[in-house]
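J.: Build me a model:
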Amino acid sequence: MSSSGNAPAAAAPPTRAVSAGAFSPFGQRAFALLWTATLISNIGTWMHDVGAGWLMTTLDPSPQIVSLVQAATTLPVFLFALFAGALADRLDKRRMLIGINLGLTVIVTLLAALVWLGWMTPFLLLMITLILGTGAAFMAPAWQAIVPMLVPADRLKPAIALNSMGINISRAIGPALAGVLIAGVGLAAPFALNAASHLVIITALVLWQPPKTQPRRSTGSLLSDMATGLRHVRHNAPMRAVLLRAASFFLFASAYWSLLPLIARSAEGGGSALYGALMALIGAGAVSGALLLPRLQARLGTDRTAKIGAMGTVLALLVLAASATPAALLPAAFLGGLAWIAVLTAFNVSAQTALPNWVRARGLAVFLMVFFGSMALGAVLWGQVAARFGIEIALLGAAAGLALGLAATWRIVLGGGEALDHTPASAWPQAPALADPTQVDRAAMVTVTYRISPEDRAAFLAALQAFAPQRLRDGANQWHLHESVEEPGIWVETFFLPSWAEHLAQHERLSRSDADLQAKVKAFDRSPTGPEVRHFFKF
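T.: Numbering: from 1, shown residues only. All right, here's what the predicted structure looks like:
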């Protein structure tokens, strides 16, 4: 769930064969409570977004300035999401979310008052939007990471889909309501109701009582936690696939989000009512898509669903570029929402299933960085193109770029994490105790010595190369392999860690899937007692 209006310790071990119903997560009281509160909060968020976009067209209608509203919303997530993810992996997520929402309530109330008093300026609107975007940046990883805390593992996929559906139900209601309020009450009304909606989400978070878990042991500074998260993502192949596909999609799909106020303003009979209708139809398309997704994904799989959604987005961009009549724009908006939910849910499911719990918030933060960074860059890019060449050329360019990006990443397959079991394996023996506990922060090195028969050399190297990324995913910052010159067949695996505490954490992070890979490596060892493990400190 995400009160920012975008995307997105497990309650049970993963299950691979169970197929939960599309609405089964509502059987979990905590999920139903927070989903409902988030729906109301997101209605307020979408009302705010429509109000801010339309307000900027009244203050300064130039494409560069209007597109900066979208950039100001998304850029902070790119800048701060990883830091926020490291915090969320350390702190009590519930308390963190309550505190941030309290602060945002104050800011949105101030914004409503400034608009009501007529004191708003383009610069002031952009600055407040940046502040609100920063708050969203610190909330987003925590919101994404608590979803597995609300439902059993076998209901995670439908929970993610329902989360996205809730966001898009709010997208269908919020913009239409904002259009009515702007026309009938005034521009301050959407912002005032958004402030009230934050109080709803705060109340729900206060009522929610998450299961008690042991706080995660800190193994260093926030910067080291961030570095560990980045290393994990770098060496996590399913996550890399998500990030590459996401960057190639959002950079170009951002065009119609950032230019939609201008599309509505320049259309035949355009105005705030048409803008609200276009946003509402995007939401309605997304809700319809969310209802169809379980069957579509069951038949086609996550990867094909995302590709079909990208193709639909290309078609929507082409229609938006080719026509200025509401009769064409409204169906294109519906198609855009339908395609958007297919792609976004596929990315979210792929990212969630690729990540173990211990690094979930940081891994999702990297996904959000790519998501929002691409959206922010795209908003600026397409705003500049529209200002110089026109809105139609900008939309056509985005459609062409999206088609080329899809072709370039066609062989990068999503969903590789769905077959993995991230449950901790507890397969390593206990690490040796330190004579001096104060040395826990010292850099460490671990060596593993194998004795391999000549006929097993190629198979052993293949198995170890498949397992090696686990060392780097789970905390090591270097990995090397050496063969003895004096005694060919003796191999020494070496990996370095930023601290001894990080190595202790490695013992807890080894998953069952990784343990299976390690067992294949150890099977080639011909030592009577198995591979020899030794630990060292750096001097």
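
J.: So, low pLDDT: which residues of the stretch 51-200 of the chain?
T.: Residues of the stretch 51-200 of the chain meeting the criterion pLDDT under 70: 64, 67, 70, 168, 171-172.

J.: And the chain, by the same measure?
T.: The chain contains residues with pLDDT under 70 at 1-22, 64, 67, 70, 168, 171-172, 212-220.

J.: Which helix or strand contains the residue lying farthest from the centre of it?
T.: Computed with CA atoms, centre = their mean, the residue of the chain farthest from its C-alpha average is residue 486, at 50.2 Å. Using DSSP states H and E, residue 486 falls within no helix or strand.

J.: Assign residue 205 to helix, strand or coil.
T.: Taken by DSSP: H, G, I helix; E, B strand; the rest coil, the conformation at residue 205 corresponds to helix.

J.: Give me the neighbour count for it.
T.: 22 (other CB atoms under 10 Å). C-betas here are computed from N, CA, C, even on glycine.

J.: Just to check, it is in contact with residue 101?
T.: Yes: with contact defined as CB atoms under 8 Å, residue 205 counts as touching residue 101 (7.2 Å).

J.: rewinding a little: what's the distance between the residue farthest from the centre of the chain and residue 527?
T.: In this view, residue 486 and residue 527 are 17 Å apart by CB to CB, to the nearest Å.

J.: and residue 311, what is it in contact with?
T.: The neighbours of residue 311, taking CB atoms under 8 Å, 6 or more residues apart in numbering as the test, are 339, 406.

J.: Helix or strand for it, just tell me which one.
T.: helix 302-322.

J.: Can you say which helix or strand has residue 165 in it?
T.: helix 156-184.

J.: and if you look at residue 333?
T.: Taking DSSP H and E as the criterion, residue 333 maps to helix 326-354.

J.: buried set for the helix or strand following that helix?
T.: Downstream of helix 326-354, the first helix or strand assigned by DSSP H and E is helix 360-389. For helix 360-389, the neighbour count (16 or more other CB atoms under 10 Å) marks 360-383, 385-387 as buried.

J.: same for helix 360-389, what does it pack against?
T.: Applying 3 or more CB pairs under 8 Å, 6 or more residues apart in numbering; DSSP states H and E, we find helix 360-389 packed against helix 63-90, helix 122-150, helix 222-234, helix 237-266, helix 326-354, helix 391-408.

J.: For residue 517, find the nearest of those.
T.: Closest to residue 517 of the helices and strands packed on helix 360-389 is helix 237-266 (CB to CB; 12.6 Å).

J.: Of all the residues in the next helix or strand after the closest one, which ones are buried?
T.: Counting by DSSP H and E, the element after helix 237-266 in chain order, helix or strand, is helix 272-300. Of all the residues in helix 272-300, those buried under the rule 16+ other CB under 10 Å are 272-290, 293-294, 296-297.

J.: mind listing what residue 160 touches?
T.: Each residue near residue 160 by CB under 8 Å, 6+ apart is listed here: 8, 147, 345, 348-349, 352.

J.: Most widely separated two among those?
T.: 147 and 345 (12.5 Å).

J.: Compare neighbour counts for those two and give me the winner.
T.: Neighbour comparison, residue 147 and residue 345: the larger count goes to residue 345, with 30 against 24 (by other CB under 10 Å).

J.: That one and residue 291 touch, don't they?
T.: No: look at residue 345 against residue 291 with CB under 8 Å: they stay out of range, at 11.7 Å.

J.: For residue 394, list the residues it contacts.
T.: Residues counted as contacts of residue 394 (CB under 8 Å, 6+ apart) are 255, 259, 382-383, 385-386.

J.: if you set the cut-off to 10 Å instead, what comes out?
T.: Residue 394 is in contact with 63, 67, 255-256, 258-259, 262, 317, 321, 381-388, counting by CB atoms under 10 Å, 6 or more residues apart in numbering.
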